[in-house]
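1. Coordinates for the following, if possible.
(one chain, ligands or ions: 2)
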Amino acid sequence: MVDNGFVHIKNPHLDMLSEDILYHFDLGTKTHDLPSMFGDVKFVCVGGSPNRMRSFALFIHNELGLDGDGNNIVDICAGTDRYSMYKVGPVLSISHGMGIPSISIMLHELIKLLHHAKCRDVTLIRIGTSGGIGIEPGTVVITDIAVDAFFRPQFEQTILDKVVVRNTQLHQELAKDLLECSREISSFPTIIGHTMCTYDFYEGQGRLDGALCSFSKML
Ligand SMILES: O=P(O)(O)O[C@H]1O[C@H](CO)[C@@H](O)[C@H]1O
Ligand SMILES: O=c1cc[nH]c(=O)[nH]1
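-> Numbers count the residues shown, from 1 in each chain. Ligands and ions are numbered 1, 2, ... in the order given. Model (predicted):
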């Protein structure tokens, strides 16, 4: 999806639109000057909760030593209550809600946004929580391979009447670079590991505390 550093869109139908409305962001190509609003974005960090992504934006504002009071930072998507978006220098911080359908809708509109804004060489990172198996609670895991509920490095989506399989390949060099950065922080362990993405928090993750449970502790 990246061509010469620009975000390439794999949908020929978009070229036929007189206006592309990024509905869940309350942004659009006719109503907003997307290149001037977002053209300098280099990092997009996403996570589930709107408040957390606001706090993250404030943290980055301070880390980058930007002018002004970070507390005045505005939600670019304030016209909708679906997602929140904050821009601090070259960093966009966006909430994606919970679960695959919610993050998927956000990613469609984010990728189109980066394309329309003519952003170049953008790094996208999800920062969020997960359960962990065989590691200390509180460990930061930098994902090298994202697997589905069958441990396959792929994502299956039913589109019309077909199952379309897409790979979930991640940038290995970025994972190594992030691990290298983590060596400066000794307050919590950081490792590289695999992350499983399931369709459900409860039974989908093998939890015993949902409203339904179709299995026992001993399989
Ligand atoms: O920590 P965040 O980013 O909210 O995300 C995780 O938390 C949610 C479930 O509790 C899921 O959406 C999962 O992806
Ligand atoms: O998806 C998630 C998020 C937090 N904790 C979990 O166990 N799963």
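2. okay, CA-based contacts and neighbour counts for the rest of this
-> Noted.
3. how about the helices in this structure?
-> Ranges of helices in the chain, per DSSP state H, are 34-38, 50-63, 100-116, 172-182.
4. List, one by one, the residues from this structure near ligand 2.
-> 129-131, 201 (CA under 6 Å from any ligand atom).
5. For Asp161, grab the count of nearby residues.
-> Number of residues near Asp161 (other CA atoms under 10 Å) recorded here: 6.
6. on that earlier part again, ok, which of the helices of the chain comes nearest Asp26?
-> In terms of CA to CA, the element of the helices of the chain nearest to Asp26 is helix 100-116, at 10.3 Å.
7. Any residue of the closest one touching ligand 1?
-> No - Helix 100-116 stays clear of ligand 1 (CA under 6 Å from any ligand atom), getting no nearer than 7.5 Å.
8. now do stretch 209-217
-> No - residues of stretch 209-217 contacting ligand 1 under CA under 6 Å from any ligand atom: none, with a closest distance of 12.7 Å.
9. quick one on the thing from earlier: need the helices of the chain in TSV (columns: mean neighbour count, distance to Met1 and mean pLDDT).
-> TSV is the format used below for the helices of the chain (neighbours: other CA atoms under 10 Å; distance: least, CA to CA, whole Å; pLDDT from 0 to 100):
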stretch	mean neighbour count	distance to Met1	mean pLDDT
helix 34-38	16	18	98
helix 50-63	18	25	97
helix 100-116	17	9	97
helix 172-182	14	17	97
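10. Gly210 is nearest to which of these?
-> The nearest among the helices of the chain, by CA to CA, is helix 100-116 at 18.7 Å.
11. contacts for the closest one?
-> By CA atoms under 8 Å, 6 or more residues apart in numbering, the residues outside helix 100-116 that reach it are 6-9, 22-25, 29, 34-35, 38-39, 83, 96-97, 199.
12. run the last query once more with 6 Å
-> The contact list for helix 100-116, computed with CA atoms under 6 Å, 6 or more residues apart in numbering, reads 7, 22, 96.
13. what residues are up against the first one?
-> Contacts for Val7 (CA under 6 Å, 6+ apart) come out as 1, 115.
14. Please apply the same query to the last one.
-> Contacts here follow CA under 6 Å, 6+ apart; on that basis His96 touches 47-48, 103.
15. One more pass at 8 Å, please.
-> Per CA under 8 Å, 6+ apart, neighbours of His96: 46-50, 83, 102-103, 106.
16. how near is it to Ile192?
-> 23 Å (CA to CA, to the nearest Å).
17. Could you report the pLDDT at Leu219?
-> At Leu219, the model reports a pLDDT of 62.
18. Around Val91, how many other residues sit close by?
-> Counted with other CA under 10 Å, residues neighbouring Val91 total 22.
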